[in-house]
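# Sequence first, predicted coordinates after that:
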Amino acid sequence: MELDVKAPATIETPRLILRRPAAGDAAAMFSRYASDPAVTRYLGWATHQAVDDTRAFLSFSDAEWERWPAGPYLICSRAGGELLGGTGLGFETPQRASTGYVLARDAWGQGYATETLQAIVKPARRAGVQRLYALCHPDHRPSRRVLEKCDFQLEGTLRRHSEFPNLRRGVAVDVLCYVSILGD
């Protein structure tokens, strides 16, 4: 069954607010996490070298939100509104989407990734996603633990599947595929 339901632009958890990015967020995103090589090490996108790279991402984000039921979200602290990172849903079909998360260094180790991943599942299910998955570099143990804690199952290793441009540009490497089946 295909649902045509837009995800909410804002999702609240006990400690976080996940919200759709806006054009005015570029500078904060760039300085908080997108330009930090340590933060972007295990990501499938290159570390941003200039705020224009972040603006390009925001244009991509707007296009995703127009085309699909959801797209990227920013992760902010409920307490003070501080930008902590990003997450979202990347649709491939109306029933299949990927997710992931990135957090600024000072937000690591505080359970924000787990809280974020748990929060993103509900709008995915509501939008009709049946297969929600996340790809993870095999060496990224903290991310693997988060996925397992949130009941994503390791489906397998995808050989020579993805490039991690901040590790080795132009070379596809093995990735772990974790999945949560949301449909019947």
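Arrived safely.
# which residues touch the top helix by length along the chain?
When the chain is parsed with DSSP state H, its longest helix is helix 51-67. Outside of helix 51-67, the residues that reach it under the criterion CB atoms under 8 Å, 6 or more residues apart in numbering are 20-23, 25-27, 29-30, 34, 45-46, 48, 70-72, 88, 90-91. Glycine gets a C-beta too; all of them are placed from N, C-alpha and C.
# Quick check: buried residues in it?
51, 53-55, 57-58, 61-62, 64-65 (16 or more other CB atoms under 10 Å).
# What segments of the chain are helices?
Secondary structure of the chain by DSSP H: the helices cover 26-29, 37-40, 51-67, 112-126, 141-149.
# can you tell me which residues contact the residue nearest to L117 when sequence neighbours are not counted?
The shortest distance from L117 to any residue other than its chain neighbours is 4.5 Å, reached at C150 (CB to CB, 6 or more residues apart in numbering). Counting by CB under 8 Å, 6+ apart, C150 touches 114, 117-118, 121, 180.
# Tell me which stretches of this protein form strands.
Assigned by DSSP state E, the chain shows strands spanning 10-12, 16-19, 72-77, 83-93, 96-103, 131-136, 153-163, 172-181.
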